[in-house]
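> here is a sequence together with a model predicted from it:
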Amino acid sequence: MKVVIIGGVAGGASAAARLRRLDEQAEIIIFERSGFISYANCGLPYYIGGTIRNKSDLTLQTPQSFWSRFRIDARVHHEVTAIDRENKTVTVKNLETGDVFTESYDKLVLSPGAVPVRPKLPGIESERIQVLRTVEDTLRIRETIVGQNLRSAVVVGGGFIGVEMAENLRELGLEVRLVEMQPQVFSQFDGDMASFLHAHMRKNGVQLLLGRAVAGFADVEDGIRVDFGDGTAVTTDIVLLAIGVSPDSTLARAAGLDLGVRGSIVTDEHMRTSDPDIYAVGDAVEICHRVTGQRTTVPLAGPANKQGRIAADNIAGVESVYQGAAGTSVLKVFDMTAAATGLSERAAKAAGLAYEKVILAPASHASYYPGGTVMTIKLLFSPEDERILGAQIVGFDGVDKRIDVLATAMQAGMPVTALKDLDLAYAPPYASAKDPVNMAGFIAENVLAGRVKQFFYEDIAALAENDGVTRLDTRTNAEYAGGFAEGFTTHIPVDDLRVRLDELDKSKPVYVMCQSGLRSYIACRILAQNGFDCYNFAGGYRFYASVRNDRFDETCRTDCGVAPGAKG
């Protein structure tokens, strides 16, 4: 059997290696148009910033290593320009020599990836505008910045690459502006959660120009001018364009294969296209979203690697099924970590799904052990069947392992209330006896059982104008003196609440806030059992301040003023 694979990197390279492990006799050829057959695509920004120092570290496999270990014929600088499905051949151009030839196949795997979006704007062809997709791009950008001693950069786009590039350009000492047409970075997050990223990026010197649309570019004497739709402009030394990618389905379209959302290649659960002898994997394919069941694209390395393995299995006669993806992702933002899985609140609304949400701010490990930091968790779940719909977490330590636990629970179909029973590793330097994931389960169970009623940031403005409610802050005197939410002019520290209940009007609903949501929950339990109609603010004042001001207290390690034992 002869298998030709178009494209290497994550999907194509993993398909080739898996196929060889299953079939020692198969003839396997990879054609890759770039100069690198398998490289750490996700590490490219960190080479530019200097965290990864040796460019050789970016290369996971070379044509030589592929041949030595797997006897796979991997040819770089070879571009496949056409597929002849009837004769089962591909037309290939050697980009170094210009020679064109045909290659036959029994099975074909498409792993063309995605291409950076490059909108048709005035001046878009300027040599000062760069995109980051390949190792060659990375080397060129780094050489340009360091070799020409550039001092400033504009990054257009606030997704994964845009945020990572902004950080790494700051690490090089450049003045960095990040431009994003939407009012927030990292669209996998809701705006309230993205506010923490905005605050931290600004703290680290990135100028955020949010809600600004680029209208065009122009080369000028001292650099390149970036023009905005509102008539303003900025001048910089270099522009990094990172406004997203689109599936590279040019070959598939020309070959008459079925295409789906955003022009992606349609495949079945075995990664087989509309041609039974052609498979497709990676950023170019349409997949099923694990939560909504809708067809979508998820251009991430994890799904691409799994798809490559599954395509190889089926080519080799091993029954293997791709079950879709939930878009689980994690992003480094200087020393902060942002992670998400499943649906955001915005995506749940767009999908027409009913949901409940909880927002909590637990410490990364036991509060009595030095060095703990606060993380903010937003968890969505179905009130009908308790199905977990999605989660977002932002913090400094332990974010990645919590998002992985939540992603696993979601994929396993566990009800949200089962999170409270998970037996998770505990030692004071790493976690609390009641892990943040357990805490999310406790809160969700309380909400579903009606033990606690919540209100959210979007409710504050209307509450501030409502004289028929009591707005109660239960933080310490020092915390309250440092600022309070709009309209929350009644202040009783939680430890004083039982002896000051007569100061509250029992005929009015009481809306309670504290620093993180814990003390206000305790206050609500006291009030509810004394005949008050009580609502707890999800996320606490720290969350409120971040959403309102794109600013939060990074020095607050735990829910200030709460003894460690109270964390239970």
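Here it is on my side, so go on.
> which residue ranges of the stretch 151-300 of the chain form strands?
For the stretch 151-300 of the chain, the strands defined by DSSP state E, counting those that start in this stretch occupy 152-156, 175-180, 206-210, 214-220, 223-228, 233-236, 238-241, 245-247, 278-280, 287-288, 295-296.
> right, so of these, which gets closest to residue 397?
Of all the strands of the stretch 151-300 of the chain, strand 206-210 sits nearest to residue 397, with 21.8 Å by CB to CB. Quick note: C-beta positions are derived from backbone N, CA and C, even for glycine.
> and the closest one, what's buried?
Across strand 206-210, burial judged by 16 or more other CB atoms under 10 Å covers 206, 208-210.
> so which of those comes closest to residue 12?
Using CB to CB, the buried residues of strand 206-210 come closest to residue 12 at residue 206, 34.6 Å.
> who is that closest one paired with across the strands?
residue 176 (DSSP bridges).
> tell me where the model's unsure across the protein.
Along the chain, the parts satisfying pLDDT under 70 run over 555-568.
> which one in the protein is furthest away from the centre?
residue 502 (47.8 Å; CA atoms, centre = their mean).
> how far away is it from residue 530?
Relative to residue 530, residue 502 is positioned 10 Å away (CB to CB, to the nearest Å).
> touching, residue 437 and residue 405? I think so.
Yes: using CB atoms under 8 Å, residue 437 is in contact with residue 405, at 5.0 Å.
> anything in contact with each of the two?
Counting by CB atoms under 8 Å, 6 or more residues apart in numbering, the residues touching both residue 437 and residue 405 are 422, 424.
> wait, what's in contact with residue 255?
82-83, 85, 275, 278.
> got the contact list for residue 431?
Applying CB under 8 Å, 6+ apart, we find residue 431 in contact with 364-366, 398, 424-425.
> apply 7 Å and report the result again.
365, 424-425 (CB atoms under 7 Å, 6 or more residues apart in numbering).
> select only the buried ones of those residues in ChimeraX?
Per 16+ other CB under 10 Å, the buried members of the contacts of residue 431 correspond to this ChimeraX selection:
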select :365,424
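> from the contacts of residue 431, which land in helices?
Using DSSP state H, no member of the contacts of residue 431 falls in helices.
> pipe the contacts of residue 431 into CSV and attach distance to residue 521 per row.
Shown next, in CSV, are the contacts of residue 431 (distance: CB to CB, whole Å):
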residue, distance to residue 521
365, 21
424, 22
425, 26
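> who wins for proximity to residue 5 among the strands of the stretch 151-300 of the chain?
strand 278-280 (9.1 Å).
> the closest one: how far from the chain's middle?
27 Å (CA atoms, centre = their mean, to the nearest Å).
> check contacts around residue 309.
14-15, 18.
> so how far is residue 392 from it?
29 Å.
> likewise residue 540?
Distance from residue 540 to residue 392, by CB to CB: 16 Å.
> what of residue 325?
According to CB to CB, residue 325 stands 17 Å off from residue 392.
> report the buried residues of stretch 160-175.
So, applying 16+ other CB under 10 Å, buried residues of stretch 160-175: 160-172, 174-175.
> which residues are contacting that stretch?
Stretch 160-175 is contacted by residues 45-46, 48-50, 132, 145, 150-153, 155, 176, 178, 185-186, 201, 204-206, 240, 242, 331, 333-334 when judged by CB under 7 Å, 6+ apart.
> filter those residues to the buried ones?
The neighbour count (16+ other CB under 10 Å) marks 45-46, 48-49, 132, 145, 150, 153, 155, 176, 178, 185-186, 201, 204, 206, 240, 242, 331, 333-334 as buried among those.
> out of those, which are inside helices?
Using DSSP H, the buried ones among the contacts of stretch 160-175 in helices are 45-46, 48, 145, 201.
> and those, which two are furthest apart?
145 and 201 (19.4 Å).
> who touches the nearest residue to residue 110 once chain neighbours are set aside in this structure?
Using CB to CB, 6 or more residues apart in numbering and skipping residues adjacent in sequence, the residue nearest residue 110 is residue 280, 4.1 Å away. The neighbourhood of residue 280, defined by CB under 7 Å, 6+ apart, consists of 110, 252, 265, 267, 271, 273.
> ok, now how distant is residue 280 from residue 181?
From residue 280 to residue 181 the distance is 30 Å (CB to CB).
> likewise residue 45?
Taking CB to CB, one finds residue 45 at 21 Å from residue 181.
> what's the local residue count around residue 127?
9 (other CB atoms under 10 Å).
> next up, the contacts around the residue lying closest to residue 330 once chain neighbours are set aside.
Once flanking residues are discounted, residue 330 sits nearest to residue 339: 4.2 Å by CB to CB, 6+ apart. Contact analysis of residue 339 by CB under 7 Å, 6+ apart lists 329-330, 393, 399-400, 403.
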